[in-house]
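1. Just to be clear, the model below is a prediction. Sequence and coordinates:
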Amino acid sequence: KQEVTQIPAALSVPEGENLVLNCSFTDSAIYNLQWFRQDPGKGLTSLLLIQSSQREQTSGRLNASLDKSSGRSTLYIAASQPGDSATYLCAVSRGAQKLVFGQGTRLTINP
Amino acid sequence: DTEVTQTPKHLVMGMTNKKSLKCEQHMGHRAMYWYKQKAKKPPELMFVYSYEKLSINESVPSRFSPECPNSSLLNLHLHALQPEDSALYLCASSQGPVNEKLFFGSGTQLSVL
């Protein structure tokens, strides 16, 4: 059974810092991995999708990496801003349209 | 248009009520999903429709009844719910049925009294 773990559960950093969020999964047989952002009481916004054949994806200040063999992914956020405060979830696809989500990391950027 | 629109945003219902949640997308996506999310937990998959046919039911109780009238519209009919069914209900869509980026709506916050 695929399990996805995100560490830390919560993170608070000063504005302007670069930071890394971690995601690990137990079964390396994945189709892709997605990083989402969720604001309180809102839906999820897909930030980056990495296919199993890819090593990383970049969008603006965000960079996500994928190491299937070690079962790990990281989301790097450069020059953090207060507007980046949200819960970040990673999810792995085990095919057949099913995503397995991690518990999320609640990120707070302090002005 | 890259939005998934869900209505209503908030819903309060009694255990004997019948209500429906609505989800709409106009991106030409052929897969649509219902997720349930409890507070401070990740979303849990409930149903998946591919090409307007139900392809996945994650053993959801029959008091939840999904419907996909056409490729742009997804409904979730609710009847005789329990207080523990109170949650944020999220709709999502994707271009195709496999391994595609998901687009989520803002959700319906449901409270069952």
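-> Great, that's in hand. Numbering: from 1, shown residues only, chains lettered A, B, ... in the order given.

2. Quick one, grab the pLDDT at the residue in chain A positioned nearest to chain B.
-> Residue of chain A nearest chain B, by C-beta to the nearest C-beta: residue A:101 (3.5 Å). For glycine as for every other residue, the C-beta is placed from the backbone atoms N, C-alpha and C. Here, the pLDDT recorded for residue A:101 equals 93.

3. do the same with residue A:47
-> Value for residue A:47, per-residue pLDDT: 96.

4. For it, give me its contacts.
-> A:34, A:35, A:36, A:37, A:59, A:62, A:64, A:75, A:88 (C-beta atoms under 8 Å, 6 or more residues apart in numbering or on different chains).

5. One more pass at 6 Å, please.
-> Residue A:47 makes contact with A:35, A:37, A:62 under the criterion C-beta atoms under 6 Å, 6 or more residues apart in numbering or on different chains.

6. bridging residues for the residue of chain A closest to chain B?
-> residue A:91 (DSSP bridges).

7. Run a quick neighbour tally on it.
-> 22 (other C-beta atoms under 10 Å in any protein chain shown).

8. I'd guessed it sits against residue A:91; true?
-> Yes. Between residue A:101 and residue A:91 a contact is recorded at 4.5 Å, counting by C-beta atoms under 6 Å.

9. Contact residues of chain B facing chain A?
-> B:42, B:48, B:90, B:97, B:99, B:101, B:102, B:104, B:105, B:106, B:107 (C-beta under 6 Å from any C-beta of the partner chain).

10. element containing the second one?
-> Taking DSSP states H and E as the criterion, the element that holds residue B:48 is strand B:44-50.

11. Partner strands of the following helix or strand past that strand, with direction?
-> Counting by DSSP H and E, the next helix or strand C-terminal to strand B:44-50 is strand B:53-57. In the sheet, strand B:53-57 lines up against strand B:44-50 (antiparallel) (DSSP bridges).

12. so where's chain A shaky on pLDDT?
-> A:95-96 (pLDDT under 70).

13. hey, where'd the strands end up in it?
-> A:4-7, A:10-14, A:19-25, A:32-38, A:44-51, A:56-59, A:62-67, A:72-77, A:86-93, A:99-101, A:105-110 (DSSP state E).

14. Are the first one and chain B in contact anywhere?
-> Read it as strand A:4-7. No. Strand A:4-7 does not reach chain B (C-beta under 6 Å from any C-beta); its nearest approach is 8.4 Å.

15. Give me the sheet partners of that strand and which way each runs.
-> Strand A:4-7 is paired, per DSSP bridges, with strand A:19-25 (antiparallel).

16. The second one too?
-> Strands that pair with strand A:10-14, judged by DSSP bridges, come out as strand A:105-110 (parallel).

17. Spell out which parts of chain A neighbour chain B.
-> A:31, A:32, A:42, A:43, A:44, A:46, A:49, A:89, A:93, A:97, A:101, A:103.

18. Spit out the contact partners of residue 80.
-> You didn't say which chain, so I picked chain A. Per C-beta under 6 Å, 6+ apart, neighbours of residue A:80: A:17, A:19, A:109.

19. could you do chain B instead?
-> Going by C-beta under 6 Å, 6+ apart, the list of residues near residue B:80 reads residue B:63.

20. now residue B:55: how far from residue B:98?
-> For residue B:55, the distance to residue B:98 (C-beta to C-beta, to the nearest Å) stands at 10 Å.

21. center of chain B, which residue is that?
-> Compute the mean C-alpha point of chain B, and by C-alpha atoms, centre = their mean the closest residue is residue B:34, 3.1 Å away.
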